[in-house]
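Chemist: Can you look at this prediction? I've put the sequence above it.
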Amino acid sequence: MKKVSLLPLGRQPEIKTNARVLDALLAEEVGVMMACGGRGLCATCHVFVEEGSESLSPRNAREDRTLGRLSGTRPNSRLACQARVCGEGVRVSLPDGLYALDRKDIESLIGKRARTAILHPIDGRVLVEPGKIITRSFIMQLNDVDFQVNDDLADDA
Ligand code: FES
């Protein structure tokens, strides 16, 4: 078993050796959207490894490819569904903002102010800045999401 520190939540779930960082997030019921189903093809499990990167499995080619097209990445970015925990001392933090949910859910938020940044679930770009009004044009930006995910999954087969 290995402990993973989740910042800034201050939680330290214990997961099986070689389990995914994602499993630590799920153990603490952190809302991870997993738009691609944990296959390394979206932005929704993007984390920053603040310490202990040497205790994680190395990035694979798929992860490199996906991180290469995400907004807001840093040199310490990882996809939680691809990074496996093989040692102690791993500390991860989550990007600021919420990933957009299904566009039907978002439609009920039109005209309201975003309390935090709303991020695109596939490429991680900021769709609505914090404090800005959620508009119909924002919804339109989500029209291609299902298509993009399915397309990527098809390439993966
Ligand atoms: S859940 Fe989509 S990349 Fe990890």
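Modeler: Yes, it's here.
Chemist: and residue 46, what is it in contact with?
Modeler: Taking Cβ atoms under 8 Å, 6 or more residues apart in numbering, we find residue 46 in contact with 67, 70, 72, 73, 77, 78, 79, 80, 94, 95, 124. C-beta here means a position set from N, CA and C on the backbone, and glycine is covered the same way.
Chemist: From the ligand, how far off is the residue lying farthest from the centre of the chain?
Modeler: Here the chain reaches farthest from its C-alpha mean at residue 111, the gap being 25.9 Å by Cα atoms, centre = their mean. Distance of residue 111 to the ligand, given as Cβ to the nearest ligand atom, to the nearest Å: 30 Å.
Chemist: Quick check: phi and psi on the closest residue to that residue other than its chain neighbours?
Modeler: Spatially, and ignoring its direct neighbours in sequence, residue 111 is nearest to residue 133 (6.5 Å; Cβ to Cβ, 6 or more residues apart in numbering). Torsion angles at residue 133 (phi, psi; degrees, to the nearest 10) stand at phi -70, psi 140.
Chemist: list the contacts for residue 13?
Modeler: By Cβ under 8 Å, 6+ apart, the neighbours of residue 13 are 3, 4, 6, 24, 27, 28.
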